[in-house]
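In: Next come a sequence and a model predicted from it.
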Amino acid sequence: MGIKIIFIGGLADGDTKNLFDVKESFVNSNSDLDVQYYSHKDTDKIIKYIDANSDTRFSIVGHSYGGDTAMEIVNKRPGRVSVLLTLDPEGSGGRRFLSNVGQHVETWINVNATGGHSLDGDNVVSGLGDLWGGGPYRRLPSSIPSFI
């Protein structure tokens with residue numbers, strides 16, 4: 001069984017490798033964990049990976065469109081993800097989509113980076129959730145480093 005962690009990169013992560021580099025750093029510090037990296041376009045591959053590990057719960061980290069993909073996976077496989085960390089998620093799921101995610105995961109941490117209003121184009125999904133209180137983000141732990 002064990003802990004399995006999935007990192008899902010966003011649109012620009014293919015060029016910038018930002019989240020991939022974070023994943024590599026995480027692996028270097030946690031070599032005993034099973035850690036995978038996927039693109040935001042790999043929804044079907046991620047679902048197959050989750051289905052192939054039926055006795056395992058997952059932690060998922062998604063950035064930008066990868067955050068949207070992560071939320072979609074949580075909705076398609078309710079109860080299989082124990083921790084969801086979304087970093088500036090981008091997408092068009094709407095409130096119902098977001099509230100369903102909140103019901104299908106034990107802990108959801110959403111990080112909306114500073115640098116604009118929460119309803120600016122780059123932060124639409126983040127802005128819909130009443131960050132750090134109410135809405136679908138109501139189950140936030142007090143410290144991000146212990147998310148796994």
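Out: In hand now; what should we look at?
In: which secondary element of this protein has the worst mean pLDDT?
Out: Least confident element among the helices and strands of the chain, by mean pLDDT, DSSP states H and E: helix 124-128 (a mean of 48).
In: For the chain, which segments are assigned as helices?
Out: 13-16, 18-29, 43-52, 65-76, 94-104, 124-128 (DSSP state H).
In: Buried residues in the second one, which are they?
Out: It refers to helix 18-29. Residues of helix 18-29 classed as buried: L19, F20, V22, K23, F26, V27 (neighbour count, 16 or more other C-beta atoms under 10 Å). For every residue, glycine as well, the C-beta is placed using N, CA and C.
In: Check the shortest one too.
Out: Of the residues in helix 13-16, those buried by neighbour count under the rule 16+ other C-beta under 10 Å are D13.
In: which residues touch that helix?
Out: L19, F20, S39, H40, H63, S64, G66 (C-beta atoms under 8 Å, 6 or more residues apart in numbering).
In: Can you give the distance of that helix from its chain's centre?
Out: Centre-to-centre, helix 13-16 and its host chain are 17 Å apart (C-alpha atoms, centre = their mean, to the nearest Å).
In: Now that helix - C-alpha only, CSV.
Out: What follows is helix 13-16 as a C-alpha-only set of coordinates in CSV (Å, rounded to 0.1, in the frame of the first residue of the first chain):
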residue,chain,number,x,y,z
ASP,A,13,4.9,23.7,-16.8
GLY,A,14,5.8,21.9,-20.0
ASP,A,15,8.2,24.8,-20.8
THR,A,16,9.1,26.2,-17.4
